[in-house]
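Enquirer: structure for the following, please:
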Amino acid sequence: MKTLEPGGGAPSSRPSIEQKAKAAELAAKVAALPHGASSRHGWLWWMCHVCLWLVTLSLLVAAVARIVYHDGTHELTWINAFTRYVYLPAYVCLAWAAWMRRWILSLVALAVVGCHVAWMMPNFVRDRRFDVPSEATVSQESESQTVRIFFANVLATNHDFTPLWKEIENANPDVVVLAESTRFSKDSFRQSPAMAAYVHANGVRKSQSGEVIVYSKLPIKSELQNWVTGRVVQTVDIEVGVHTLRLIGLHAPRPMYPPQYDYFGYWKKMVPLLTSAEGPLVVIGDFNATEHSLVYKQLRDSGLRSAHDDRGRGYATTWPNNRWRLPPIRIDQAFLSPDVECLRVAEGQGEGSDHRPIILDVQIRGKHPAAAEIP
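Expert: Got it, this is the predicted structure:
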């Protein structure tokens, strides 16, 4: 019912008391309607938020453990080995937290991402600690002979080595280092016509399955087998023109529990042995340790350098060579002393094995006194 304004004016447009009551009643009914869709959205949002917090905090714990207790347990060693993949979820957490303006979560995720970037950066930057002037390199190249080293883990359960011997033939290395050698691989190597040129070969001493064997076209002046936690470490001195190159081939245990594997005991003895070696040195083999391991850091801090880091190829991978459903990592390594120039490092195919081979070209820098002969 319309009301007249005082003075006989036009009807008022203001709602009456009755209209206000109806509007209030309608609003109450709307408020009482079920909010199923809105409620479900809220629960999903909070579940997502909680899950991202749990993921971020777990990665933060792993990062802190690496900093304060690097490879302190076998489990941490495995987590650190897969560093390039383990911390990738932190980037998703950071992006979501920043988008939703959850600043505390953003800061925590950013800390984890910062650690990951810092740990991965050396994989893409050359290790230039022992670079020499270009003019010195030219003069050394005219004096020193290039040595190509081919390392491969042949896989103990492999019985068909024909593809590997063909790959070695194509690479035409001066020195071949084989890990996980067995009676089958030794016999196959000797019977292969392409391997006949490698007349200098160790193996005359007592050995066992899984050993490391060195074959060489270059003269081997002396050799030594050390046994560390039941594993052979093969050391040979190779004549390279007027120089002597000491090569150490090894096959470390996996980071698993004793008695079958003694990863920590092995490296506790091996690190001092490797860092005390004199003269031009190449250490190559299946380390069962990645560039993110404590062992890798100890060798690097001692003055040795990775051939992959030297060439800016720290991102390269060698295992599991498509044989296992695991993301690829590099557990086969080559370390050099400062007086050894790395010209090239590459990975082969490694057909028949769960490892890709390493093909390494090196030169001895300048004139260096020969290392003390192996007794």
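Enquirer: count the neighbours of residue 328 for me.
Expert: The local packing of residue 328 (other Cβ atoms under 10 Å) involves 17 other residues. C-beta: built from backbone N, CA, C; applies to glycine.
Enquirer: which residues in this protein form strands?
Expert: Under the criterion DSSP state E, the chain contains strands at 147-153, 175-181, 200-201, 211-216, 220-228, 231-240, 243-251, 281-286, 305-306, 332-336, 340-347, 358-364.
Enquirer: helices or strands up against the longest one?
Expert: In this structure, strand 231-240 packs against strand 211-216, strand 220-228, strand 243-251, helix 263-275, with contacts taken as 3 or more Cβ pairs under 8 Å, 6 or more residues apart in numbering; DSSP states H and E.
Enquirer: pairing partners for it, with directions?
Expert: Strand 231-240 has its sheet partners listed here by DSSP bridges as strand 220-228 (antiparallel), strand 243-251 (antiparallel).
Enquirer: that one vs strand 281-286, what angle?
Expert: Interaxial angle, strand 231-240 versus strand 281-286 (axes from the mean of the first three to the mean of the last three Cα atoms, to 10 degrees): 140 degrees.
Enquirer: got the angle for strand 231-240 vs strand 175-181?
Expert: For strand 231-240 against strand 175-181, the angle by the same axes, to 10 degrees is 170 degrees.
Enquirer: where does the chain have low pLDDT?
Expert: The model of the chain has pLDDT under 70 over residues 1-15, 19-21, 23-24, 26-41, 134-143, 201-210, 367-375.
Enquirer: what domains does the record give for it?
Expert: As assigned by automatic domain parsing, the chain contains the domains 36-122, 128-364.
Enquirer: distance to residue 18 added to these, as TSV?
Expert: Below are the domains of the chain laid out as TSV (distance: least, Cβ to Cβ, whole Å):
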stretch	distance to residue 18
domain 36-122	32
domain 128-364	73
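Enquirer: tell me the most buried of those?
Expert: domain 128-364 (a mean of 19; mean count of other Cβ atoms under 10 Å).
Enquirer: any idea how far that domain is from the middle of the chain?
Expert: Relative to its parent chain, domain 128-364 has a centroid offset of 17 Å by Cα atoms, centre = their mean, to the nearest Å.
Enquirer: how far does it stretch from start to finish?
Expert: Using Cα to Cα, to the nearest Å, one end of domain 128-364 lies 17 Å from the other.
Enquirer: over to stretch 161-177?
Expert: One end of stretch 161-177 to the other measures 14 Å (Cα to Cα).
Enquirer: repeat for stretch 58-77
Expert: Start-to-end, stretch 58-77 (Cα to Cα) is 16 Å.
Enquirer: now it: how far from the chain's centre is it?
Expert: 15 Å.
Enquirer: circling back to that earlier point, do you know which of the strands of the chain lies nearest residue 25?
Expert: strand 340-347 (77.6 Å; Cβ to Cβ).
Enquirer: what residues does the closest one touch?
Expert: With Cβ atoms under 8 Å, 6 or more residues apart in numbering as the contact definition, strand 340-347 has outside contacts at 132, 137, 140, 144, 146, 245, 280-282, 307-308, 310-311, 313, 316-318, 334, 336, 356-365.
Enquirer: kindly export that strand (C-alpha atoms) in CSV.
Expert: The C-alpha coordinates for strand 340-347 follow below in CSV (Å, rounded to 0.1, in the frame of the first residue of the first chain):
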residue,chain,number,x,y,z
VAL,A,340,96.7,-33.7,-15.0
GLU,A,341,94.9,-31.7,-17.8
CYS,A,342,91.4,-32.9,-18.6
LEU,A,343,90.8,-32.5,-22.4
ARG,A,344,87.5,-34.3,-22.6
VAL,A,345,85.1,-36.5,-20.7
ALA,A,346,82.0,-38.3,-22.1
GLU,A,347,79.7,-41.2,-21.4
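Enquirer: fine by me, thanks again.
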